[in-house]
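1. next one to model:
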Amino acid sequence: MTTMTETSVAGNDDRRDTNQNNSAGHKLMVALDVDGTLVDHDGHMSVPVREAARDVVAAGHHVTIATGRSLNATLPIIEHIGIENGYAVCSNGGVTLRLDSGLSEGYEIMHKATFDPGPALRALRKRLPSAKYALEDADGNFLSTERFQDASFGVEAIGVDFQTMLEATAVRVVVFSTENTPEEFNTAIRHIGLAGVTYSVGWTAWLDIAAAGVTKASALEQLRGRLSIEPHHTVAVGDGRNDIEMLGWAARGVAMGQAPEEVIAAANEVTHSVYDDGAAHVLRSLLP
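-> So this is what the prediction gives:
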């Protein structure tokens, strides 16, 4: 079950800390959410955000995309901000990529965390019968009910019956409803319990489900160890409930200005909204 880290929010935006920026000569691990952080809710990345991200990459910091998007929907963002070598976390921690411009596809999949979606799907279907369901399987395919499609999938979903979905092995399950509010989703989840998985409710009546214990933060912590980055040299920027653990994980966790209250509560500080280039302000503060 998703837990919330509550800390006080710093009163100053985009603070500089000599222990956390390049003035101390250290390379940082910088984890960046995509939707609502690097791009707005129409999928547009502003020029200031793109240029700031590219400059932080060029400065040699370990810029790591950490997104709920699946692999194919993440790759264009990686290319856009100029990461040729490094790592990316997709599907809310379910998939970790190693980026290498020398590889034929430019990346390889390092890790996938899969789970049996059956128990959660059955319980949710009973409680939310009108919702739409989609599932990312271990091969990167998306299976969906009722012609459910979203840009975050990165591939066209294959329509299947619910029984086929129950029998699949999942990396990520998405539940969406136009007839329910996020509060109704939260009530349904509390009623069901959803044991054995990790979940987060989005801005709308949108639910992301991953394997137990799998979050952006859990995948980033594995990478931090691999990169031998000290914990106090970590930065994360995000806006969604699926970023709560990541913001708590980072030494400098920054919530976007439009983030919900519980996301802001998990952060050390708050920047401007995505429409005011909040991510660019944070990224510029990492440069000398």
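2. A helix includes Phe119, no?
-> One thing to correct before we go on: residue 119 is Pro, not Phe. Yes: using DSSP: H, G, I helix; E, B strand; the rest coil, the assignment for Pro119 is a helix.
3. what residues are up against it?
-> Residues counted as contacts of Pro119 (C-beta atoms under 8 Å, 6 or more residues apart in numbering) are 195-196. C-beta here means a position set from N, CA and C on the backbone, and glycine is covered the same way.
4. same deal with Lys216?
-> 31, 33, 66-67, 89, 92-93, 238, 242-243, 245-246.
5. just the ones in strands from those, please.
-> 31, 66, 89, 238 (DSSP state E).
6. a markdown table for the residues you listed, including neighbour count and pLDDT?
-> Below are the ones in strands among the contacts of Lys216 laid out as a markdown table (neighbours: other C-beta atoms under 10 Å; pLDDT from 0 to 100):
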| residue | neighbour count | pLDDT |
| --- | --- | --- |
| Ala31 | 31 | 98 |
| Ala66 | 32 | 98 |
| Val89 | 28 | 98 |
| Gly238 | 32 | 98 |
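7. ok, of those residues, which one's closest to Ala255?
-> Nearest to Ala255 out of those is Gly238 (C-beta to C-beta; 6.9 Å).
8. can you pull the poorly scored residue ranges out of this structure?
-> Where the chain drops to pLDDT under 70, the residues are 1-25.
9. now do the helices in it.
-> 47-58, 71-80, 118-127, 162-166, 182-192, 216-227, 244-249, 261-266, 278-284 (DSSP state H).
10. residue contacts, Arg213?
-> Slight slip there: residue 213 is Gly, not Arg. So Gly213 contacts Thr198 (C-beta under 8 Å, 6+ apart).
11. burial count for the closest residue in space to Ala219 that isn't next to it in sequence?
-> Nearest residue to Ala219, sequence neighbours excluded (C-beta to C-beta, 6 or more residues apart in numbering): Gly93, at 3.9 Å. As a burial measure, Gly93 scores 30 neighbours (other C-beta atoms under 10 Å).
12. for Gly93, what are its contacts?
-> 66, 113, 210, 214-220.
13. make JSON lines out of the residues you listed and add distance to Val282.
-> Shown next, in JSON lines, are the contacts of Gly93 (distance: C-beta to C-beta, whole Å):
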{"residue": "Ala66", "distance to Val282": "14"}
{"residue": "Ala113", "distance to Val282": "28"}
{"residue": "Ala210", "distance to Val282": "26"}
{"residue": "Val214", "distance to Val282": "26"}
{"residue": "Thr215", "distance to Val282": "21"}
{"residue": "Lys216", "distance to Val282": "17"}
{"residue": "Ala217", "distance to Val282": "18"}
{"residue": "Ser218", "distance to Val282": "23"}
{"residue": "Ala219", "distance to Val282": "21"}
{"residue": "Leu220", "distance to Val282": "17"}
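14. rewinding a little: what is the most widely separated pair among the contacts of Lys216?
-> Thr67 and Glu245 (13.8 Å).
15. I'd like to know the beta-bridge partner residues of Tyr199.
-> Beta-bridge partners recorded for Tyr199 (DSSP bridges): Ile209.
16. from Thr74, how far off is it?
-> 20 Å (C-beta to C-beta, to the nearest Å).
17. who's more crowded, these two?
-> Thr74 (24 against 20).
18. tell me the contacts of that one?
-> Counting by C-beta under 8 Å, 6+ apart, Thr74 has contacts 34, 65, 67, 88, 90, 97, 154.
19. and Val274, by the same measure?
-> 36-37, 39-41, 239, 256-258.
20. which of those residues sit farthest apart?
-> Longest span within these, C-beta to C-beta: Val39 and Gly257, 15.2 Å.
21. for Leu194, give its distance to His44.
-> Taking C-beta to C-beta, one finds Leu194 at 34 Å from His44.
22. have a look at those two and say which one is more surrounded.
-> It is Leu194, of Leu194 and His44, that has more neighbours when counted by other C-beta under 10 Å, with 20 against 10.
23. quick check: that one touching Arg122?
-> No: Leu194 lies out of contact with Arg122 (C-beta atoms under 8 Å); the separation is 11.2 Å.
24. which non-adjacent residue is nearest Asn141?
-> Using C-beta to C-beta, 6+ apart, the nearest residue to Asn141 is Ile158, at 6.2 Å.
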